[in-house]
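Colleague: Below is the sequence, then the predicted model.
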Amino acid sequence: MLIGYARVSTDDQDTAAQTASLRKAGCERVFTEKASGGRWDRPELAKALEQLRAGDVLVVWKLDRLSRSLKDLLTIIERIDAVQAGFRSLTEAVDTTTPAGRMMMQMVGAFAEFERAMIRERTRAGLDAARQKGRLGGRRSKLNQEQKEEARRMVASGEKSAADVARLFNVHPSTISRLLDKPA
């Protein structure tokens with residue numbers, strides 16, 4: 001069975017042209033919705049994916065109707081493959097029911113993997129450069145050095161409990177607990 005999915009991003013757009021193309025291509029059921037392609041919560045897409053059975057094909061008018069993000073697109077394709085169904089885009093040469101279409105999706109996947117590796121490499125280089133400049137990652141401390149010393153002194157002397165110190169400095173009690181766990 002061919003199952004169609006049509007999507008537009010805004011209320012002033014219409015899915016009529018997509019729906020007509022999908023029906024002309026032989027789709028027996030067509031799911032339509034108005035939602036951004038970058039959103040994860042697309043109920044009609046979820047319904048279309050739930051309808052897929054082995055041998056079925058999910059058909060879209062254009063790849064960007066399914067997803068705006070390559071990562072999301074590959075995730076959706078994996079879900080389609082998991083139920084042994086196929087995927088077809090009417091305007092691009094992507095049809096995972098053919099050997100050439102499967103190869104095309106594998107190439108897209110390879111480029112996505114390369115892109116993720118490049119992002120990791122750039123991130124690591126940026127973090128290393130920041131460390132060399134003396135900057136550390138993570139959130140800035142809520143307490144300055146003087147406040148940390150005072151908090152430790154109050155708890156160590158028994159003047160105040162850790163919870164009291166947390167309230168006094170307007171921080172979460174776990175902030176004080178971590179401070180006390182670290183060597184001075």
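Modeller: That came through, no problem.
Colleague: I'd like the next helix or strand past the top helix by length along the chain.
Modeller: Ranked by residue count, the top helix of the chain under DSSP state H comes out as helix 99-132. Counting by DSSP states H and E, the next helix or strand C-terminal to helix 99-132 is helix 145-157.
Colleague: Of all the residues in that following helix, which ones are buried?
Modeller: Buried residues in helix 145-157, counted by 16 or more other C-beta atoms under 10 Å: 147, 148, 151, 152, 154, 155. The way it works is simple: take the backbone N, C-alpha and C, and place the C-beta from them, glycine included.
Colleague: Residue 61 is in contact with residue 23, isn't it?
Modeller: No: using C-beta atoms under 8 Å, residue 61 is not in contact with residue 23; the gap is 11.0 Å.
Colleague: Which of these two has more residues huddled nearby?
Modeller: residue 61 (23 against 13; other C-beta atoms under 10 Å).
Colleague: so what's that one up against?
Modeller: Going by C-beta atoms under 8 Å, 6 or more residues apart in numbering, residue 61 touches 6, 17, 18, 21, 22, 89, 90, 91.
Colleague: what does residue 125 give?
Modeller: No contacts exist for residue 125 under C-beta under 8 Å, 6+ apart.
Colleague: cool, and residue 173?
Modeller: Taking C-beta under 8 Å, 6+ apart, we find residue 173 in contact with 162, 163, 166.
Colleague: Got the domain ranges for the chain?
Modeller: Following automatic domain parsing, one finds the domains of the chain at 2-108, 145-181.
Colleague: I'm done for today, thanks for sticking with me.
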